[in-house]
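In: Have a look at this fold, sequence not included:
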């Protein structure tokens, strides 16, 4: 057992656990943050995407030790003071989900993508979201939602 500390959704946290435990399960079981989904367990689908130091990563592929001393943001931590993030608003406005299972991973992947490329073309958005899967087929609406945020002034994206 090891004591591992990191920042989770703006709060410093510590957990005494096996350092080899998968981050996805730490978030869901130990911290009760169920917005991060278990999809394939192999890093292919993107349902488990979280932000680590503002980079979109697959939490099913990381151990809790991998995030020691880092900042982790889940979908629950994206909104601030009860106000939805512009990406969350855009997904609602564009009906960019159907069952919703992939939504948190899609939003966090889009966030990480827009941090690296704040003014992407439609083609770049499609390529940037290529590794997140939606079984319901909402990809066109997802791309439109992300485009709408990319077109906003920078101050509105935070």
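Out: Arrived safely. Bear in mind that the values here come from a model prediction, so they are computed numbers and not experimental data.
In: Can you tell me the closest non-neighbouring residue to the residue nearest the centre of the chain?
Out: Centrality entry for the chain: nearest residue to the mean C-alpha point is residue 108, 2.6 Å, by CA atoms, centre = their mean. Sequence neighbours aside, residue 49 is the residue nearest to residue 108 in space, at 4.6 Å (criterion: CB to CB, 6 or more residues apart in numbering). The way it works is simple: take the backbone N, C-alpha and C, and place the C-beta from them, glycine included.
In: what's the answer for residue 98, then?
Out: Spatially, and ignoring its direct neighbours in sequence, residue 98 is nearest to residue 136 (3.6 Å; CB to CB, 6+ apart).
In: Helices along the chain, start to end?
Out: Secondary structure of the chain (DSSP state H): helices at 23-25, 86-93, 103-116, 122-128, 139-150.
In: Would you mind giving the ones you listed as TSV with mean pLDDT and distance to residue 78 added?
Out: Formatted as TSV, those follow (pLDDT from 0 to 100; distance: least, CB to CB, whole Å):
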stretch	mean pLDDT	distance to residue 78
helix 23-25	99	17
helix 86-93	97	6
helix 103-116	96	7
helix 122-128	96	18
helix 139-150	95	12
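In: which residues does the residue nearest to residue 31 when sequence neighbours are not counted contact?
Out: Counting by CB to CB, 6+ apart, residue 31 lies nearest to residue 8, which is 6.6 Å off, once chain neighbours are set aside. Residues near residue 8 by CB atoms under 8 Å, 6 or more residues apart in numbering: 27, 31, 33, 72-74, 77.
In: Now render those as a markdown table, adding pLDDT, distance to residue 118 and neighbour count.
Out: Listed next are the contacts of residue 8 as a markdown table, based on pLDDT from 0 to 100; distance: CB to CB, whole Å; neighbours: other CB atoms under 10 Å:
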| residue | pLDDT | distance to residue 118 | neighbour count |
| --- | --- | --- | --- |
| 27 | 99 | 27 | 24 |
| 31 | 98 | 30 | 17 |
| 33 | 98 | 27 | 20 |
| 72 | 99 | 22 | 26 |
| 73 | 98 | 18 | 20 |
| 74 | 98 | 22 | 22 |
| 77 | 97 | 21 | 20 |
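In: before we move on, the earlier item: run through the residues that contact the residue nearest to residue 108.
Out: 36, 56-59, 104-106, 108-109, 112, 132.
In: Report how many residues lie close to the nearest residue to residue 45 once chain neighbours are set aside.
Out: With sequence-adjacent residues excluded and distances taken as CB to CB, 6+ apart, residue 45 is closest to residue 39, at 3.8 Å. By the criterion of other CB atoms under 10 Å, residue 39 has 21 neighbours.
In: Perfect, I'm done here.
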